[in-house]
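In: Have a look; sequence and predicted model below, questions after that.
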Amino acid sequence: MRSIMTDNLEVCYYCGTTEDVELHHCIHGNKKNRSLATQYHLLIGCCGECHRGIDGIHGKYGKEKDLKLQAAAQEAWEQRRIKKGKSKPENVRQEWIDIFEVDYIKEFEEYIKECEDDL
C-alpha cells in the first residue's frame, strides 16, 4: 500500500514510533469511506495509542485530531489532483464533495470556531 499522506506507513504519523503501528484510513466511518481512502491512498501509520488511546483518533478526546487529519487528507487529495492536471483549482473542492459527500476542511474550520466560541 502507498499513501499521499506519508512516505512511510510503518511509522506512526503522530509520535514517530515504529512499534505497534497499524494502518489508519484517514477517511473512515463505513466500508465505502475506507474503500475510497484506500483507492485514493489516504492512509497513515498510527500506533495503537495514537489510534485508539484516550487522546487517539478514535479515542474519547480524539475528535479534533480526527477532523484535522480528515481535513489534511482532503487538502492533500485536492493538491495532488491539481498538480497531476486531473482537476482545476476552481472545481476540485466540489469534485471531492461529489466523491466523499462531505467537506472535511469546512467541518474542521467550523469545529474550531465552535471550540473558540465556547471559551
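Out: Arrived safely.

In: just the helices in this protein please.
Out: 31-39, 48-52, 63-83, 92-100, 104-117 (DSSP state H).

In: For Ile54, list the residues it contacts.
Out: Ile54 sits next to Lys60, Tyr61, Gly62 when contact means C-beta atoms under 8 Å, 6 or more residues apart in numbering. For the C-beta atoms, the positions are set from N, CA and C on the backbone; glycine is no exception.

In: so how far is Thr38 from it?
Out: 27 Å (C-beta to C-beta, to the nearest Å).

In: try Lys86
Out: For Lys86 relative to Thr38 (C-beta to C-beta), the value is 18 Å.

In: what packs against the lowest-mean-pLDDT helix or strand in the chain?
Out: Of all helical and strand segments in the chain, the minimum by mean pLDDT, DSSP states H and E falls on helix 104-117, at a mean of 94. With contacts defined as 3 or more C-beta pairs under 8 Å, 6 or more residues apart in numbering; DSSP states H and E, helix 104-117 has these neighbours: helix 63-83.

In: avg pLDDT for the helix it packs on?
Out: For helix 63-83, the mean pLDDT works out to 98.
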